[in-house]
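Asker: output the structure for:
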Amino acid sequence: RFPAVVRDVAVVVEAAFASDEVARFVRTWRKGAGVIERVELFDQYVGPPIADGKKSLAYSIAYRAADRTLTDAEVNDLHRDLLVALRDALPVEIR
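Answerer: Just a heads-up that it's a prediction; the model follows:
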C-alpha cells in the first residue's frame, strides 16, 4: 500500500570480512526498527581502484513505514544516520 524507498550503500572492507555482518547490523539497527524492510547484498567487487587485500560490498536497503509513505527527507536522514552508525560499529569505509 505504501511504497518502499530504496537507497544503496557501498563499503570497502578487508577481503576476509563477512558480507553478512553489514546486513546483520542494518537489520538490527535500533533506529531503523519498523522502517527498514530489507537489506540485500547486490555486488561484491575486487580489483582496481579497490586496494589489494580489500573488497567493495554494495547493498540495497528498502525503507517502508506500515502506516504512511515516507518522505525523501525522512529516508535521507535515516540513511545518513545509518551510514554513520555503520562506520562507527564496523570496520568499514563508506564509498
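Asker: neighbours of residue 9, how many?
Answerer: As a burial measure, residue 9 scores 19 neighbours (other Cβ atoms under 10 Å). The C-beta positions use only the backbone N, C-alpha and C, and glycine is treated the same way.
Asker: then residue 32?
Answerer: 20.
Asker: wait, it touches residue 78, no?
Answerer: Yes - counting by Cβ atoms under 8 Å, residue 78 is a contact partner of residue 32 at 6.5 Å.
Asker: what is in contact with the two at once?
Answerer: When Cβ atoms under 8 Å, 6 or more residues apart in numbering defines a contact, the residues bordering residue 32 and residue 78 alike are residue 63.
Asker: show me where the protein has its strands.
Answerer: For the chain, applying DSSP state E gives strands covering 5-14, 36-45, 54-63, 93-94.
Asker: give me whichever of those strands is most buried.
Answerer: strand 54-63 (a mean of 18; mean count of other Cβ atoms under 10 Å).
Asker: that one: partners in the sheet, and parallel or antiparallel?
Answerer: strand 5-14 (antiparallel), strand 36-45 (antiparallel) (DSSP bridges).
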